[in-house]
Every structure is written in C-alpha cells, then in structure tokens.
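> Fold the following and give me the result.
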Amino acid sequence: MVSLRERDHGIHYKRLRIIRVVLFASFTVIWIRLFVLQVVSAQFYQDMANGKYSLYEELIPERGKITVHDFDDVTPYDTATNEPRAVVTADPRKITDAVDAGKRIAAALGWEGVDAYDRYALIASLESQGKHEEAASLRSLSVCTQASDPVIDISPSSIVLEESVLGEGTILEETVPDTIAFLESFVESDACRKEDAAVKKVSDLITRLGKHEDPYEPVAQNVDAEALDALIAQKIEGISYVLKNARSYPEAGFGGQVLGFVGKNQESNPVGQYGLEGYFNDFLAGKAGEISSQADANGSWIGVGSRSYKPAIDGGSLVLSIDRTVQYMACKMLRDGVAQYNADSGVLVIVEPSTGRILAMCGAPDFDPMAYSTVDSISTYNNQAIFTPYEPGSIFKPFTLAGAIDAGVITSNTIFDDPGSVRVDDRTIRNALDKSYGRITMTQGLEESVNTAMVYAMQQTGQDAFTQYVKDFGFGTLTGITLNTEAPGTVASLDHAGVVYAATASFGQGITVTPLQVAMGYAAIANGGSLMVPQIVDEMHYADGTIDTILPKKVRQVIQSKAAVTVAGMLVSVVENGHGKYAKVPGYWIAGKTGTAQIAQDGGYSETAFNGSFAGFGPVENPKFAMIVKLENPKTDSNLGVAWAESTAAPIFGKIAKFLVEYYRIAPTRD
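Modelled structure (predicted):
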C-alpha cells in the first residue's frame with residue numbers, strides 16, 4: 001500500500017517532468033525562431049530596416065550633347081541636347097465636359113484633327129439617328145470623312161450635339177462629287193487616312209477624359225515648353241504635369257540615322273540606340289552617383305548618423321565633323337531627288353578626301369529622333385550608308401583600272417579591241433545592251449562603261465593581285481566609322497578558284513559594298529592613293545573639361561599617287577565625254593562615274609529594278625569633297641526602260657557639287 005507521502009512525491013516528479021518538457025519545447029521554438037530571424041530571413045529584415053532607417057537616392061548624370069558647326073564658323077549648334085519636357089496627366093473625376101476639355105487640350109498641344117472632329121462627330125450622330133441623306137450631304141463637303149467606320153464615340157455620355165450645328169442652307173446638292181468612284185478613290189488616299197488617324201487620336205483622348213470614376217489618365221508625354229505654356233493658359237480643371245529632363249534634337253531634318261535616339265532598356269532606364277547615341281552611349285550617358293544616410297523612425301535624415309556620397313559624373317559631349325549647312329542642303333537635295341525619280345530610297349555620303357572627315361551623311365526615308373516610335377518598320381533606324389551593302393555596278397570600275405594602272409600592266413591609252421562579249425570559264429560576259437565598241441582606249445572604255453574592257457584590265461592585273469587591290473581599297477571589311485550597325489559587305493567570291501568571279505567583280509557584280517566604302521575609295525583616288533579611316537567625330541569633350549581631338553588616320557597607301565592622278569583624269573573624261581555629263585559643274589573639273597546595277601532578287605537579277613549610283617570628287621586639282629549618291633529602284637516616267645544613273649543619280653550629284661564649290665568659296669579653275 002502506497003503511503004500518502006510517496007504518492008505526493010510521485011505527483012511532484014511528474015509535474016517537474018512536464019515543466020521540463022514545456023521549457024525545453026519553448027526554448028527549442030525560440031531557438032528556431034531566432035535562427036530564422038538572424039540567419040534564414042536576415043536579408044529580408046535588413047532590407048526592411050534599411051527602408052525605414054536609411055535614405056538612398058541615385059544621382060542621375062546629365063547626358064552629354066552632340067554638336068556641329070558650319071564652315072569657317074566655330075559656333076556650336078546642338079543636334080542632340082537635354083531639355084525639360086512635361087508629362088501631362090488628367091484626373092477625369094474633376095472634368096465635367098470631356099469633349100470641350102479634350103478639344104482644348106489637343107489644340108494647345110498642336111494635335112491635328114481638332115478642326116475635323118466636329119464634322120466627324122456630326123456625321124456619326126446623323127447616321128446613328130437614321131438621317132442618312134443628311135449625313136451623306138455633309139460628308140460630301142469633305143470627301144475624306146468616312147462614316148462607314150466612324151471613329152467618334154457618339155454615346156450621350158461622351159458628346160452632345162445641337163441641331164443648330166448644321167445650320168440652314170449649308171447642305172447643298174451641288175457639293176456632291178460627280179461620281180462615286182471619285183469619292184471612293186479619294187477616301188483611300190494617304191491624306192484621308194492621316195486625317196482619320198488624327199481625328200481618332202482626339203476622339204480617344206475625349207473618351208478617356210470621360211471616365212468620370214477614373215482618378216488617372218495619361219494625356220501626353222515629351223511636351224515642350226511652348227505647348228505646355230499653351231496648355232497651362234487653357235486653365236483646364238483636372239489637368240496636371242510633371243517636368244522631366246528629356247532628350248531633344250533641335251536640328252529638324254538633320255538625320256535620325258546618323259544621330260540615333262535615346263530609348264528605354266528593360267529596366268526603363270534611358271539608353272542610346274543606333275547611330276551616335278548608340279555607339280557612344282557610355283561616353284554620353286556618364287556614370288550615376290548615389291547618396292545614402294541613416295534616418296529616424298519617421299524617415300527623416302539624422303544629421304549625426306553615418307552617410308555616404310558618390311557624385312554623379314556627367315556624360316561627355318561630341319563635336320562632329322559634319323558641316324551643319326552641307327548636311328541640311330545636300331540631304332534636302334537627296335530627298336527631293338528620291339521624290340522626283342520615285343525611288344524606293346536614297347543614300348548620300350560626302351567626305352573630305354584629305355582627312356576622311358564626313359561632311360554629310362543621310363538616307364531617305366529617314367526618321368525623326370524626337371518621334372522614333374512612329375516608324376513603320378524598325379529597319380528605318382538602320383543607317384543605309386553603312387548598313388545596307390549592295391552590288392555597286394559600274395561605279396566599281398575605277399578601282400579595277402586603278403589596280404591595273406598601279407601594277408603597270410595598262411595605261412589610260414592602252415588599246416582594247418572590244419568584241420562585245422568575252423568567255424570566262426564557262427560563262428559569257430557581255431556589255432550592257434549587248435553593245436560592241438570595237439577598238440577603244442581604256443579611257444574610252446570607262447567613258448562608255450564597257451564591261452569587257454574591265455575584264456581585260458583584271459586579266460592583265462592577275463586574279464590574285466586584283467583581289468588584293470579590292471581588299472586594300474577597304475571592300476569586305478569594316479571601315480571603322482564610329483557608328484552603330486556597320487556592315488562589311490562581302491567580296492568572298494574573289495577567294496574562289498574560278499576566274500569568272502573576279503571577272504564579274506571587275507565591273508561591280510557578284511560582290512557587295514556599302515555606300516560609305518565607295519565614298520572612301522573615291523576619296524583615296526582623289527587624295528593621291530591613301531585610304532583614310534572615315535571620321536565623324538572631331539572632338540570628345542569630357543565633363544572635367546578634358547578635350548580629346550580626333551586626328552585623321554591613314555589606313556594604308558593603296559595605289560601610288562601617279563596611278564591615282566591618272567584614274568582621276570580618266571574620271572574627268574567620263575564627266576566631260578561619257579555618261580556623267582549631268583554631273584558637270586560650270587567652271588570646274590569634276591571627276592565621277594555612273595553605275596546602273598540590276599538588283600539581285602530570288603537567286604537572280606531583276607529585269608525592272610535597278611540601283612542607280614554616281615560617285616566622284618572635285619574639283620579635281622585640289623579635291624574638297626568625294627561623294628556618292630545612290631538611288632534604289634528609281635523609275636522612269638514612261639515605264640519604257642531603265643531609269644539610268646546617268647539621268648537620275650548624276651543630276652543630283654551635279655546639283656550638290658555646284659552647291660559645295662559655292663559654299664566653300666572655291667575659285668573656278670576653267671572657263
């Protein structure tokens with residue numbers, strides 16, 4: 001029998017065991033919790049602490065400028081700079097009349113389509129009411145209005161129309177076009193499509209402003225100071241803005257393909273893309289800084305707390321070799337020529353032969369860096385002068401002759417008896433239009449652009465030596481220009497064993513080159529045989545005041561000066577007596593060569609699409625410029641034949657050359 005004392009002792013022992021278990025379990029839980037807090041989740045809670053008890057701010061550097069200047073004028077002109085721009089937003093809850101507010105905002109910001117909005121809205125309203133005759137009559141006042149697919153929201157919440165808008169006596173039968181066909185064809189025009197898009201933009205804004213329970217709606221970005229002032233003057237309730245530093249390109253029409261643009265990367269940070277903005281992004285962007293400090297529980301800075309400061313380093317600035325006036329005038333002449341000859345595109349490069357400095361470079365079509373997102377295709381961003389290799393055709397022939405003359409195997413007066421065709425390997429090579437020229441000199445062969453004469457010159461030089469001359473002129477390799485997206489072209493066919501590849505290359509077929517490579521090659525002939533590195537940046541200005549001046553750089557001596565002078569004289573003869581007559585400039589000796597090359601398509605060559613090029617330099621005694629003008633697929637007015645470079649690219653070259661000698665005040669050298 002268990003005594004009372006023994007029983008109490010047993011109960012007390014059990015209680016101690018239970019307490020020990022509970023304490024052990026509690027300590028275990030606490031230990032595990034501490035381990036989680038201090039080890040497993042340490043970074044999480046450190047980040048929370050930093051968010052509450054420290055302040056951090058990234059210091060954004062200012063992006064550097066890109067500037068140009070005019071001939072004999074050191075005044076810098078900004079082609080890329082930074083300006084405060086506004087991001088405009090709306091609080092529709094505070095807007096009572098969305099239509100009125102939307103139209104006033106659009107007008108202040110300079111949007112198109114404001115004037116046409118009421119007309120579109122009225123026609124849509126009449127159609128919705130079944131008043132089709134009235135709608136048709138009003139539509140006839142502007143054949144661009146398309147009620148078949150109205151862009152106006154005519155719901156009562158978005159727009160209210162008064163009968164008085166129509167007025168009396170304004171709908172006249174005589175305003176209806178004579179034929180439905182005329183109306184339909186006009187409605188499909190580009191002008192009508194643009195008007196529709198402009199009106200839709202205004203309509204979309206009005207619709208968004210009509211969302212009366214929405215506290216936020218974006219209105220416009222990148223609004224300049226003039227437009228912002230006009231908007232502020234409207235005093236529209238519910239409209240606000242925030243100023244941000246934005247990239248600006250003040251020189252309208254300068255050339256987006258040369259400049260590039262500043263877009264956003266995946267982290268939504270600004271980054272230069274394409275052109276100079278892309279190639280020199282790190283230099284222009286600078287380096288971000290930072291400032292951090294301890295803060296109290298309220299997030300306020302503690303004056304005695306630890307802090308660190310790393311200043312931002314502003315980006316550097318570029319001074320270009322491009323002449324502002326030459327770029328503007330020459331590129332305008334190129335665009336006019338593309339339009340005149342209905343070409344698919346055009347390219348222009350102007351080089352200073354003695355230094356390799358780029359004086360002008362542009363393509364058409366181009367894009368506006370201020371509105372880079374509006375392009376129809378991202379291929380528009382690519383600089384056609386360096387990105388798009390093509391078969392050059394006859395403008396390549398002077399390089400063939402330059403190699404042969406430099407090698408001493410022919411002269412400008414070497415006689416060639418042209419049979420009209422020549423057999424090379426298993427191929428027959430013919431002249432354009434199957435012409436035969438009989439007994440001619442090499443100069444006459446260049447004047448008349450005789451393919452067989454170039455094959456003869458290549459054969460005299462030898463396949464291997466000819467190939468080396470082609471490569472020494474810089475074809476098949478990058479030129480080294482400091483621009484994004486340069487392509488090397490290809491001369492790989494010349495490494496094949498067959499002589500036919502060198503034979504076709506002798507007159508510019510079967511190889512591809514870029515317009516810049518051609519311009520640099522002609523510049524080498526112009527300056528006495530030296531191939532230069534194309535230079536588009538003259539100076540690099542660092543934020544600390546340091547200036548790096550870029551000096552001209554010679555790649556190699558391709559041909560001797562005597563050979564260069566001989567080829568230059570032959571090119572003058574082409575302009576004076578051959579197919580380059582439209583490139584003449586009264587009072588000056590101009591050297592140049594035409595090239596009309598079939599465009600390669602589907603493994604062969606098109607019978608109707610051609611590239612027309614003219615390349616040359618002048619004045620020949622002391623060349624100030626070397627230039628190429630290239631038109632892709634120019635068309636004739638009659639569709640009866642090829643739009644030859646002689647009558648398309650050459651006249652554009654001549655107009656630009658005439659401007660250049662006047663602009664640089666070069667004295668005439670001939671009667």
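> Tell me where the stretch 1-150 of the chain has strands.
Assigned by DSSP state E, counting those that start in this stretch, the strands in the stretch 1-150 of the chain fall at 54-59, 66-69, 77-90.
> closest to residue 608 out of these?
Minimum separation from residue 608 across the strands of the stretch 1-150 of the chain (C-beta to C-beta) falls at strand 77-90, 38.9 Å. Backbone N, C-alpha and C define where each C-beta goes, glycine included.
> Could I get the CA-only coordinates of that closest one as PDB?
In PDB, the C-alpha atoms belonging to strand 77-90 read as follows (Å, rounded to 0.1, in the frame of the first residue of the first chain):
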ATOM      1  CA  TYR A  77      24.800  74.100 -82.800                       C
ATOM      2  CA  ASP A  78      23.200  71.400 -80.700                       C
ATOM      3  CA  THR A  79      21.900  68.500 -82.700                       C
ATOM      4  CA  ALA A  80      21.200  66.400 -79.500                       C
ATOM      5  CA  THR A  81      20.800  68.000 -76.100                       C
ATOM      6  CA  ASN A  82      18.600  67.900 -73.000                       C
ATOM      7  CA  GLU A  83      15.500  70.000 -72.300                       C
ATOM      8  CA  PRO A  84      12.900  69.900 -69.600                       C
ATOM      9  CA  ARG A  85       9.800  68.200 -71.000                       C
ATOM     10  CA  ALA A  86       6.400  67.700 -69.400                       C
ATOM     11  CA  VAL A  87       4.400  64.500 -68.800                       C
ATOM     12  CA  VAL A  88       0.800  65.600 -68.800                       C
ATOM     13  CA  THR A  89      -1.900  63.600 -67.000                       C
ATOM     14  CA  ALA A  90      -5.600  64.100 -66.200                       C
END
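> Output the below-cut-off pLDDT ranges for the chain.
Along the chain, segments meeting pLDDT under 70 span 1-16, 21-22, 33-57, 139-191, 293-307, 637-642.
> mind giving me the domain ranges of it?
Per automatic domain parsing, the structural domains of the chain span 4-40, 92-215, 322-663.
> one step back: ranking the strands of the stretch 1-150 of the chain by mean neighbour count, which comes first?
Here the criterion is mean neighbour count by mean count of other C-beta atoms under 10 Å, and of those the winner is strand 66-69, at a mean of 23.
> looking at the strands of the stretch 1-150 of the chain, which is closest to residue 549?
strand 66-69 (14.4 Å).
> any idea how far that closest one is from the chain center?
Centroid separation between strand 66-69 and its chain, computed with C-alpha atoms, centre = their mean, to the nearest Å, is 18 Å.
> what do you get for stretch 376-395?
The chain centroid and the centroid of stretch 376-395 are separated by 11 Å, computed with C-alpha atoms, centre = their mean.
> now could you export just the CA positions of it as CSV?
Listed next in CSV are the C-alpha coordinates belonging to stretch 376-395 (Å, rounded to 0.1, in the frame of the first residue of the first chain):
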residue,chain,number,x,y,z
ASP,A,376,6.5,51.8,-89.9
SER,A,377,9.5,49.4,-89.6
ILE,A,378,12.5,49.3,-87.3
SER,A,379,14.6,48.8,-90.4
THR,A,380,14.2,52.6,-90.8
TYR,A,381,16.6,53.1,-87.9
ASN,A,382,19.5,51.5,-89.8
ASN,A,383,21.9,53.9,-91.5
GLN,A,384,21.7,53.0,-95.2
ALA,A,385,25.2,54.4,-95.8
ILE,A,386,26.8,51.7,-93.7
PHE,A,387,24.2,49.0,-93.0
THR,A,388,22.9,48.1,-96.5
PRO,A,389,25.5,46.5,-98.8
TYR,A,390,24.6,46.3,-102.5
GLU,A,391,26.1,45.4,-105.8
PRO,A,392,27.7,48.6,-107.0
GLY,A,393,27.8,48.1,-110.7
SER,A,394,29.9,50.4,-112.9
ILE,A,395,30.9,52.8,-110.1
